[in-house]
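Trainee: Got a sequence here, can you model it:
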Amino acid sequence: MAQYIDYTKYPFILSPGELPRLGVERPVVIVLRDSGLRERLINLVRSIVERAELSEDSCSSIEECVLLYYAVLDLAKATGDKWFQNRIALVYSKHASRSLDRESPEKLVILGRKLGLDVSIFTGEPNIPKLLLVSKSREVEFTPCEFAITVTSYLRVVSRRLIHDQTYSLVNNIVSNGYVFLDRRTFQRILEETVFNRVLEKIEEATPPLDSEDFKVLLAEIEKTLSEARRDQYARSKREEAPKEDRSTGLERGELLVDEELFPPCMKRIVDTIRSGGNPSHVERFNLAAFLGSIGLDAEEVLDYFKSTTDFNEKIARYQVEHILGLRGGKKKYLPYSCEKMRASGLCPVQEQCKGGKNPLAVYKYVLRRLERARREGQDNRGS
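Mentor: The predicted model follows:
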């Protein structure tokens, strides 16, 4: 039986040429000539930027959804704004993920193949491998892994953003005869990540009509919307800083100086990822929050670091940060991973061991001690 695919939910699967009325011109040109579609496009961008979601009435037909999707990609490419591009990819992938919950296993396989994955499905109990899982309450269960994806396809997806999550490591999954066997939940996550990557790839391939005056007007309006929406997101409360040579490290008082330039390489890389519009993994976010909390930042100051991430949700982020800082639950304050575990998780960007200790917090304190020593020596030299 043929499987119907609702392309209003998955517009990224179709190319404009696959729909007769879209194969004539570039989608954004058609949108620009229709005042109604142009208004829908602006509202769609605002929904993506301000609320990180696709509104239910963003489009009313397959043609409209595909037109608007490709028009958004053209705008994203024209702005050159990495934060905007990542946010678009995130919103479409999350929107698709919610729809995937209601699809049959067979439909998931079809969608996976249309997205370029080499995937199959196993049916019948004797043929389905089962993965042993142990819950936090020590209960043992076996989850059926009915989806088989080639190792090549699998690694192509997880090697980007999921590489730091041990859940997706090959050693923690069933691998046999060149295939990785996944349960439904994990396969849906792989599909979501594939959509994220697909959207970013299509943005890179987009060729917006930069010579069109109508497009230039629309682009200016979108850039203004971006600027207004992100003004507060990028604002961070900054501590008063004296000239570097006179700054106190705070080691004696237990209130450490916060200087991103002095952060260990692993923490600096996570901060740079956020600043450049990237989307750090859950493990990276945990370690940055634990590190920031350990050097003295409160929950509000830690949250400020994450407000510019593409998928920032105030309620969820606050709960997670307060949990890491020991303000919720069991009141346990978490520390960042050790250097060894950071390296094993792929989070350490340097080959050699950093001087000062075996975890990011110890390394940072070591750097501050050296700064404090230099500051004191400078004061002594000026006094003599």
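Trainee: Tell me, how many residues neighbour the closest residue to R113 other than its chain neighbours?
Mentor: The shortest distance from R113 to any residue that is not its chain neighbour, by Cβ to Cβ, 6 or more residues apart in numbering, is 6.4 Å, and that residue is V119. From N, CA and C alone the C-beta is placed, and that goes for glycine too. Burial of V119, expressed as a neighbour count using other Cβ atoms under 10 Å, amounts to 24.
Trainee: Quick check: V119 touching V151?
Mentor: No - V119 sits out of contact with V151 when judged by Cβ atoms under 8 Å, with a separation of 11.8 Å.
Trainee: Give me the mean pLDDT for the one helix or strand A78 maps to.
Mentor: With elements delineated by DSSP states H and E, A78 resides in helix 62-79, which encompasses its position. Per-residue confidence for helix 62-79 averages out to 92 on the pLDDT scale.
Trainee: Alpha carbons of it, in PDB - could you do that?
Mentor: The C-alpha atoms that make up helix 62-79 are tabulated as PDB, following Å, rounded to 0.1, in the frame of the first residue of the first chain:
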ATOM      1  CA  ILE A  62       1.800  22.100  -0.300                       C
ATOM      2  CA  GLU A  63       2.700  24.600  -3.000                       C
ATOM      3  CA  GLU A  64       2.700  27.500  -0.500                       C
ATOM      4  CA  CYS A  65       4.700  25.600   2.100                       C
ATOM      5  CA  VAL A  66       7.400  24.700  -0.400                       C
ATOM      6  CA  LEU A  67       7.500  28.200  -1.900                       C
ATOM      7  CA  LEU A  68       7.800  29.800   1.500                       C
ATOM      8  CA  TYR A  69      10.400  27.300   2.700                       C
ATOM      9  CA  TYR A  70      12.700  28.000  -0.300                       C
ATOM     10  CA  ALA A  71      12.100  31.800   0.000                       C
ATOM     11  CA  VAL A  72      13.300  31.600   3.600                       C
ATOM     12  CA  LEU A  73      16.400  29.800   2.500                       C
ATOM     13  CA  ASP A  74      17.200  32.600   0.000                       C
ATOM     14  CA  LEU A  75      16.800  35.200   2.700                       C
ATOM     15  CA  ALA A  76      19.000  33.200   5.100                       C
ATOM     16  CA  LYS A  77      21.700  32.900   2.500                       C
ATOM     17  CA  ALA A  78      21.500  36.600   1.600                       C
ATOM     18  CA  THR A  79      21.800  37.800   5.200                       C
END
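Trainee: List the residues that contact the residue most central in space within the chain.
Mentor: When the chain is reduced to its mean C-alpha position, the closest residue under Cα atoms, centre = their mean turns out to be N279, at 2.9 Å. N279 makes contact with 86, 90, 161, 273, 309-311, according to Cβ atoms under 8 Å, 6 or more residues apart in numbering.
Trainee: swap in A374?
Mentor: The contact partners of A374, by Cβ under 8 Å, 6+ apart, come to none.
Trainee: ditto for R318
Mentor: 299, 303.
Trainee: Same question for V109.
Mentor: Residues counted as contacts of V109 (Cβ under 8 Å, 6+ apart) are 119-121, 147.
Trainee: which one in the residues you listed is the model shakiest on?
Mentor: For the contacts of V109, the model is least confident at I121; its pLDDT is 90.
Trainee: Look up how far L90 lies from it.
Mentor: Distance, I121 to L90, by Cβ to Cβ, to the nearest Å: 27 Å.
Trainee: So these two - more neighbours on which side?
Mentor: Taking I121 and L90 together and counting by other Cβ under 10 Å, L90 has the greater number of neighbours (21 against 16).
Trainee: what's the closest non-adjacent residue to the more buried one?
Mentor: What sits nearest to L90 in space, not counting adjacent residues and going by Cβ to Cβ, 6+ apart, is T310, at 4.7 Å.
Trainee: Check for me that the one you found belongs to a helix.
Mentor: No - under the criterion used here (DSSP: H, G, I helix; E, B strand; the rest coil), T310 is coil, not part of a helix.
Trainee: Quick one: residues contacting it.
Mentor: Taking Cβ under 8 Å, 6+ apart as the contact definition, T310 lies against 52, 83, 86-87, 89-90, 277, 279.
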